[in-house]
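> predicted structure and sequence below. I'll ask about it afterward.
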Amino acid sequence: MFDTLGLALVIGVGGTALLDLWNWLLNKSIGQPLPPWHLVGRWFSGLPKGRLVHRQGIASSPAIGGELAIGWIMHYVVGVSFALALLLVWGDGWALAPTFGPALIVGLVTVGAGWFILQPGMGVGVACSGAPNPSLARMNNVVGHIVFALGMYLAARLITAG
């Protein structure tokens, strides 16, 4: 029915979409700010120019045309990439008989990408150490990636149901 890339696309988009729904629900219910996808787009836009780290904080870097769209696109590209990693480690067979464990492992391991690559690169420090409330930010990162894992698992379940 699907090849590995097709499975990764469906599973990654499903996981990422559930994470976006989660963030929207937190925003509407308790006022938690939505992720700054424009700043993520600004960060990704700097990578081809060799700019990995914005030491003064990404918000002080000049805006880039289309940064919001770039941020949203890269958010989903990264989600699909993490789903592809799941399938490369556990095989396409996982998508045909999904269990939550592998998705949870990938979800938790991917917290490290944010803590040790994205957040330092955006000037927030390792594991949000420079955030106004680092402990809350870290908890939100972990919970968000668990929600992403749940979304990957549920998307794989939908594939098997269809």
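On my side now, so go ahead. Everything quoted here is computed from the prediction, not taken from an experiment.
> list the contacts of Ala127.
Under the criterion of CB atoms under 8 Å, 6 or more residues apart in numbering, the contact list for Ala127 reads 115-116, 119, 134, 138. C-beta coordinates here come from the backbone N, C-alpha and C atoms, glycine included.
> quick check: closest non-adjacent residue to Ala63.
The shortest distance from Ala63 to any residue that is not its chain neighbour, by CB to CB, 6 or more residues apart in numbering, is 6.8 Å, and that residue is Arg42.
> just checking, what packs against the host helix or strand of the one you found?
For Arg42, the enclosing helix or strand under DSSP states H and E is helix 37-46. With contacts taken as 3 or more CB pairs under 8 Å, 6 or more residues apart in numbering; DSSP states H and E, helix 37-46 sits against helix 67-90.
> picking up where we left off before, please convert the buried members of the contacts of Ala127 into PyMOL selection syntax.
Only the buried entries of those go into this PyMOL selection, using 16 or more other CB atoms under 10 Å:
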select buried, resi 115+119+138
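> dump the contacts of Ala127 into CSV; add distance to Leu25 and secondary structure as well.
Output for the contacts of Ala127, formatted as CSV (distance: CB to CB, whole Å; DSSP: H, G, I helix; E, B strand; the rest coil):
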residue, distance to Leu25, secondary structure
Trp115, 23, helix
Phe116, 28, helix
Gln119, 23, helix
Pro134, 23, helix
Arg138, 20, helix
